[in-house]
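Colleague: Fold the following.
(4 chains)
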There are 2 protein chains.
Amino acid sequence: MSTLKPTIEDVAQLAGVSRATASRVINDVPGASAPLRERVRAAVAELGYQPNETARALATGRQRAIDVIVVTPDLSVGWLGTHPYVSRVLPGVMPVLQGVNAQLRLHAVAQATAADELDQIASTTTLGAVFAEITPDLAAHFYRRCRRAVSLVRTDPAVPGMEADNFGGAYEAVNRLHQLGHRRIAAIHGPTLNPCAIDRRAGYLQATQRLGLADLSADGNFRREGGYDAAQQLLERHPDIDAMFIACDLMAAGAVQAITASGRRVPDDVGIIGFDDSIAAVCTNPPLTTMRLPVEEMASSAARLLLAGGPLRGHRQQFPVDLVVRESTREPDTGRVGGTR
Amino acid sequence: MSTLKPTIEDVAQLAGVSRATASRVINDVPGASAPLRERVRAAVAELGYQPNETARALATGRQRAIDVIVVTPDLSVGWLGTHPYVSRVLPGVMPVLQGVNAQLRLHAVAQATAADELDQIASTTTLGAVFAEITPDLAAHFYRRCRRAVSLVRTDPAVPGMEADNFGGAYEAVNRLHQLGHRRIAAIHGPTLNPCAIDRRAGYLQATQRLGLADLSADGNFRREGGYDAAQQLLERHPDIDAMFIACDLMAAGAVQAITASGRRVPDDVGIIGFDDSIAAVCTNPPLTTMRLPVEEMASSAARLLLAGGPLRGHRQQFPVDLVVRESTREPDTGRVGGTR
DNA sequence: CCTTCGCCTGAGAGCGCTCTCAGGTCTAGC
DNA sequence: GCTAGACCTGAGAGCGCTCTCAGGCGAAGG
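Modeller: Numbers count the residues shown, from 1 in each chain, chains lettered A, B, ... in the order given. Coordinates of the predicted model:
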């Protein structure tokens, strides 16, 4: 060894074994006796040895990397990093990869060409893939292909997943609005194919039904403009709406603008609960009461799972969706009657 | 060759030369005659050869990568990806790196330990570094150390940079507000050490001075909360303020909230111009008129420059900062008189 | 006591590319 | 005609690690 970074050769020499044996214990594969294992481990510790990931990649023919996959209906690359939801996945994954010398690859693939592109990714992925946004069939296809994938959105039951309780979150939001005295509770939903959007829609539907409220639904697209347009239409069609459950904060931001533009006030005339607790939630005026999706935690859990390297089959973890109260809903117990203006 | 990806050996064989010669022409280094160059190029094209970056990295001892560096006063990792400004740098750099098999490394380093960490990065960087946020002295130090760095913020004159006209943008914003009839134009500035913030502050100061307006400045921190607090204080101290120039949209979002909370309306009572044109700008209510910083373009230009591999010395490119009119400023020529509420 | 089998172990051959260095060719100068 | 020098070219030695394969050794079985 020298002043340079120690190599496996140095470790082997210090431990008095061959490179092959050192490699075996470092990679934790069978084929080395206990005493030698001990000696090699000691040598690794003494030298502070860290495997050269590049050499490893060359020898094995693959790069250690986690592929983050986002399937979008319409592909616009510049958009990804600024997207309030997707941009939270990256900060979740990144810290997990720090120091383990694995890289993060971000793939934005268009729905239209997704099948081919996913095949391509599946054939090159090593640690595995994290689905930030995908449809169930695509996810199942990918998983069948390479067995190393974790979804952050609900997909096929066979695919391992980190699941947030979108249904429950939506249900709770509507309930909360009801408790606050609202009776004409509208909803702006997400894209019809998006699993998260589907669950949130179902939660809204079930809650309104159980509470005996009317279904005042409109479709949005998880974008601000969509929220604006949907809110505007909703208000025109049902002027007596006194609250809205909106399936993502970005749309909620648009909705707040539309509501205000119509001369109504938030939360006095129309109470609002958003979803996600993204950066958009605190930028609106007033700031949004919203259902917090623990995206960063979900993403880092997924990354850790992939990094551990174990079998993924059937792995499924639940994450809560909690209410974050800000100012787009009136205070409870005030007895105020809204919606009359 | 086979059905596998062609290697340099395949290219060499097809061209009838040695691997060394093939390598020379592929890497465009002198030491190969024109006819051989031609033959190798043809072979590369025919085979669709693409160098294996991993092998290259192992042989040369370095990874092709661009290091994106963010120096922050207080380090909070989860924050980076959701930061409206920083999160736009990544989407700018990423597409440039697609297909060239180079990776992107993101470093968030705390101001306190920056010197050491930057030394570390400087010693391992290959393509070079992009400074998303840094102080001039640190930038100069890094640049002296490795000559491969491009800053997205104004730094030491010696450091190559992609410069946005922060001063001019701020100047123009104040001018615009003045044209719209505002006379009590306050400002919420960014951190005192941040070069962008310094320039924007200077632009405001020069404009107010030239227009004969009072300097109504408050300090913020480029965060929403800071904007809220600063606006609140400003309004208390100078109740007659009729407009605000705010050094970033995130603070502006907070300011809008504070202004509304004080019973004033935007833009009728207080006109607002923000800075950045980040996601926050469209989420506020009303949406912000703001000065657009072309962050993505600046970042991709920086990445392309680094990727080209040429000398950087003295490279300096100017980017315009343009006004984006939304609804936080009143319409021109209406003759309305604001500020009375 | 000899053979068979199983388990360790290490030598060595790559992975695909870079880069040094020795040798070869060609031109110019004496 | 001979030699020095400039310029090409290719053989081959790594970069650090993985992984196959053959050999060695000891225990169990005949």
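Colleague: helix or strand for residue A:251, which one?
Modeller: helix A:249-261 (DSSP states H and E).
Colleague: again with residue A:109
Modeller: Following DSSP H and E, one finds residue A:109 within strand A:103-110.
Colleague: quick one on the thing from earlier: okay, the helix holding residue A:251 in PDB with CA atoms only?
Modeller: Presented in PDB, the C-alpha positions along helix A:249-261 are these (Å, rounded to 0.1, in the frame of the first residue of the first chain):
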ATOM      1  CA  ASP A 249     -51.900  21.500  -3.800                       C
ATOM      2  CA  LEU A 250     -50.900  22.800  -7.200                       C
ATOM      3  CA  MET A 251     -54.500  22.600  -8.400                       C
ATOM      4  CA  ALA A 252     -55.600  24.000  -5.100                       C
ATOM      5  CA  ALA A 253     -53.400  27.100  -5.700                       C
ATOM      6  CA  GLY A 254     -55.200  27.600  -9.000                       C
ATOM      7  CA  ALA A 255     -58.600  27.000  -7.300                       C
ATOM      8  CA  VAL A 256     -57.900  29.600  -4.700                       C
ATOM      9  CA  GLN A 257     -57.200  32.100  -7.400                       C
ATOM     10  CA  ALA A 258     -60.400  31.300  -9.200                       C
ATOM     11  CA  ILE A 259     -62.500  31.400  -6.100                       C
ATOM     12  CA  THR A 260     -61.100  34.800  -5.100                       C
ATOM     13  CA  ALA A 261     -61.600  36.000  -8.700                       C
END
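Colleague: what angle do the next helix or strand after it and helix A:249-261 make?
Modeller: Using DSSP H and E, the helix or strand that directly follows helix A:249-261 along the chain is strand A:271-276. Between the axes of strand A:271-276 and helix A:249-261, defined by axes from the mean of the first three to the mean of the last three C-alpha atoms, to 10 degrees, the angle is 160 degrees.
Colleague: Could I get the full set of strands for the stretch 101-250 of chain A?
Modeller: Using DSSP state E, counting those that start in this stretch, the strands found in the stretch 101-250 of chain A span residues A:103-110, A:128-133, A:149-151, A:161-164, A:185-189, A:216-219, A:243-246.
Colleague: Please identify the deepest-packed of those strands.
Modeller: Neighbour counts (mean count of other C-beta atoms under 10 Å in any protein chain shown) averaged over each of the strands of the stretch 101-250 of chain A peak at strand A:243-246, with a mean of 32. Every C-beta, even on glycine, is put in place using the N, C-alpha and C of the backbone.
Colleague: which outside residues touch it?
Modeller: Residues from elsewhere that reach strand A:243-246, judged by C-beta atoms under 8 Å, 6 or more residues apart in numbering or on different chains: A:170, A:173-174, A:177, A:180, A:182, A:184-188, A:204, A:220, A:227, A:231, A:234, A:252, A:255, A:259, A:270-275.
Colleague: Return the members of those residues classed as buried.
Modeller: Neighbour-count burial (16 or more other C-beta atoms under 10 Å in any protein chain shown) applied to the contacts of strand A:243-246 gives A:170, A:173-174, A:177, A:180, A:182, A:184-188, A:204, A:220, A:227, A:231, A:234, A:252, A:255, A:259, A:270-275.
Colleague: filter those residues down to the ones near DNA strand D?
Modeller: The subset of the buried ones among the contacts of strand A:243-246 within reach of DNA strand D, by C-beta under 7 Å from any atom of the strand, is empty.
Colleague: Tell me which residues of the helix or strand hosting residue A:58 come out buried.
Modeller: If you go by DSSP H and E, residue A:58 is part of helix A:53-60. By 16+ other C-beta under 10 Å, the buried positions in helix A:53-60 come out as A:53, A:54, A:56, A:57, A:58.
Colleague: thinking again about what came up before, report the angle between the strand holding residue A:109 and helix A:53-60.
Modeller: Using the same axes, to 10 degrees: strand A:103-110 against helix A:53-60 is 70 degrees.
Colleague: The residue of the stretch 201-341 of chain A found nearest DNA strand D - nearest residue in space that isn't next to it in sequence?
Modeller: When scored by C-beta to the nearest atom of the strand, the stretch 201-341 of chain A has residue A:309 as its residue closest to DNA strand D, at 13.0 Å. Leaving aside its sequence neighbours, residue A:309 sits nearest to residue A:127 (C-beta to C-beta, 6 or more residues apart in numbering or on different chains; 7.5 Å).
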